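[1] Sharing a sequence plus its predicted fold:
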Amino acid sequence: MKMVFTFIFNRATPALVAASLAAGCSDAAAPRGAESAADANTSSSAFESGTELRIPVPEGGRAYVRLEGAPAVVDVPDPKASLAWDLAFEGTDVFTNGGVSGAGKSAAFGPLDATTFAGDTAPVVPFLVQDKAGGAFLDWYAYEGTSHALFSRYHVYGVRDGGRLWKVQVLGYYGQRDGAAVSALYTLRYAELTTSGVGPTREVSGLDGTSNGTSAGDGARSECLDFATDARVMLSPAEARASAAWHLCFRRASIVVNGEMGGPRGVTAVDVQAEASATESIDAVKMRTAASERPAFDAVVASSFDGKVLRGDRIVSAFSDRWFDETRAPLAPANATWVVQNAAGTQKYLVGFTAFEAPTTRSPGTVVARIKPVKG
C-alpha cells in the first residue's frame with residue numbers, strides 16, 4: 001500500500017515550501033489582503049512611469065483594452081474568438097483573454113507591492129493564472145511572496161447540497177509523495193450540520209490536486225470529494241463540469257464547487273469568515289495551525305449560516321475583487337501592481353490603477369491605469 005504523508009502544519013519550512021513549489025505551482029492569484037489599499041483616489045508615487053490609459057467602464061457591457069503598442073480601449077466584434085484584446089472591464093470585474101474568458105493566452109498575477117511597478121523586468125512570480133470558475137474558496141489561502149508559499153487561512157466554509165449542509169476547513173496544502181515534497185496534496189476536515197446537531201468530524205488527507213503539474217494541460221485529472229459518501233474520484237476539469245459525483249474538486253491551488261459554472265450538481269458554498277480576509281496579515285495567518293483553529297471549526301453550527309448567501313462558482317481572474325478596496329466608499333483602487341501576459345503570450349506588462357473617476361455602486365466609472373511592457 002502506498003503511503004502519503006501530508007503536512008497539516010501551517011508553519012511550512014522554507015525547504016519544504018521551495019521543493020513543493022518546484023514540484024508543482026498552482027494556477028491562482030495572490031489572495032486579497034496581500035497589499036494595502038490606496039489611501040484615496042490618488043496616484044502612488046510608484047506609478048510615475050509607463051503609459052496612462054483612461055478606461056470608461058459601463059455599468060452594463062464590457063470595455064476591452066489592448067496592451068500592445070500604445071495601450072488603448074478597443075472595439076472587439078467577437079471577443080470570445082479574438083486576440084485583439086488583453087483585458088476586459090465589466091462593472092467591478094476585470095477579465096483576461098484566456099481560460100474561460102477568451103481564446104488567447106492572456107494571464108495575470110497579483111496583487112504585488114505597488115513599488116514593483118518601478119522595475120523594467122517582470123518580477124518572479126510562482127505562476128500566472130488564466131480566468132476560471134471560482135467562488136467561495138477563492139481566498140482559502142494567504143500568499144507569502146518571499147518564499148512563494150501558500151498558507152491556509154483556516155476559515156470555516158459551509159457547503160450546501162439540497163437539504164444537506166457541511167462545514168469544511170482546509171488544514172494543509174503541502175505533503176510528501178515517494179519521499180519528495182509535493183504541493184497540492186490537501187488535508188481538510190468536515191462535518192455535517194443539521195438542525196438537531198453536528199455529525200462526526202472527518203479528516204481526509206492526500207487529496208490530489210497536483211493535476212500532474214502546471215504543464216500537464218487541461219486534460220490532466222485531479223481529485224474530487226463527495227462529502228455524503230466520502231468517495232474520491234479523479235476528474236479532468238471538463239469531466240468535473242459534467243459530473244454530479246462530487247461536492248468539491250481540488251486542482252493545484254484552486255478549490256472548485258459543483259454548482260453554477262463549477263458543475264451540474266447545484267452545490268453552493270460560503271466562507272463564514274470572508275470579511276476577515278481583507279485585514280488578515282500573512283504573519284498572523286502563518287501562526288495558525290490545525291490545532292489552534294479547531295475551536296473555530298467546532299463553534300460553527302447550522303444556524304451560523306442563517307442570512308448567509310451560498311452560491312456556486314463564477315468567472316474569476318487574477319484581479320477578482322483584489323484590484324479595488326471594497327472597504328472604501330466611494331470605490332477606490334488597490335495600491336498594487338499586477339503582472340499581465342498579453343493574449344498572444346509573447347509579452348508581459350505591469351499594470352496598476354491610480355484612480356476611479358465618478359464611481360458608482362455598479363462600476364468604478366473611468367478607471368485610470370498605468371501600463372508598461374517589461375522584459376522577461
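    Good, I have the coordinates. Numbers count the residues shown, from 1 in each chain.
[2] can we go C-alpha only for contacts and neighbour counts from here?
    Noted.
[3] what's around A114, how many residues?
    By other C-alpha atoms under 10 Å, 23 other residues sit near A114.
[4] what does Q341 give?
    28.
[5] pretty sure it contacts K372?
    No. In this structure Q341 lies outside contact range of K372 using C-alpha atoms under 8 Å: 11.5 Å.
[6] what residues are shared contacts of the two?
    Residues touching both Q341 and K372 (C-alpha atoms under 8 Å, 6 or more residues apart in numbering) are Y349.
[7] hang on, A220 in a strand?
    No. Looking at A220 with DSSP: H, G, I helix; E, B strand; the rest coil, it is coil, so not inside a strand.
[8] Could I get the full set of helices for the chain?
    14-23, 237-241, 282-286, 294-299 (DSSP state H).
[9] In the chain, what helix or strand scores lowest on average pLDDT?
    Least confident element among the helices and strands of the chain, by mean pLDDT, DSSP states H and E: strand 5-6 (a mean of 30).
[10] any idea how far L83 lies from L67?
    Relative to L67, L83 is positioned 11 Å away (C-alpha to C-alpha, to the nearest Å).
[11] Pretty sure T121 sits against G376.
    Yes. T121 is in contact with G376 according to C-alpha under 8 Å; the separation is 6.0 Å.
[12] and the two? which has more neighbours close in?
    Neighbours were counted for T121 and for G376 using other C-alpha under 10 Å; T121 has more, 15 against 12.
[13] beta partners for that one?
    On the basis of DSSP bridges, T121 is bridged to K375.
[14] For L83 and L67, indicate the residue with more neighbours.
    A count of neighbours by other C-alpha under 10 Å puts L67 above the other of L83 and L67, at 27 against 20.
[15] what's the pLDDT at the more buried one?
    Note on L67: pLDDT of 98.
[16] Just give the nearest non-adjacent residue to it, would you?
    Nearest residue to L67 in three dimensions, chain neighbours excluded: D86, at 6.4 Å (C-alpha to C-alpha, 6 or more residues apart in numbering).
[17] so who does that neighbour touch?
    Counting by C-alpha under 8 Å, 6+ apart, D86 touches Y64, V65, R66, L67, T96, N97, S106, Q341, N342, A343.
[18] Highest neighbour count among those residues?
    Busiest of the contacts of D86 [other C-alpha under 10 Å] is T96, holding 33 neighbours.
[19] Please read off the pLDDT at that residue from the model.
    For T96, the model assigns a pLDDT of 97.
[20] Repeat that for G145.
    81.
[21] same deal with S243?
    97.
[22] contacting residues around it?
    Counting by C-alpha under 8 Å, 6+ apart, S243 touches G263, P264, R265.
[23] Now do the strands in the stretch 1-150 of the chain.
    Using DSSP state E, counting those that start in this stretch, the strands of the stretch 1-150 of the chain run over 5-6, 51-56, 63-66, 72-74, 87-90, 93-96, 107-113, 132-134, 141-144, 149-152.
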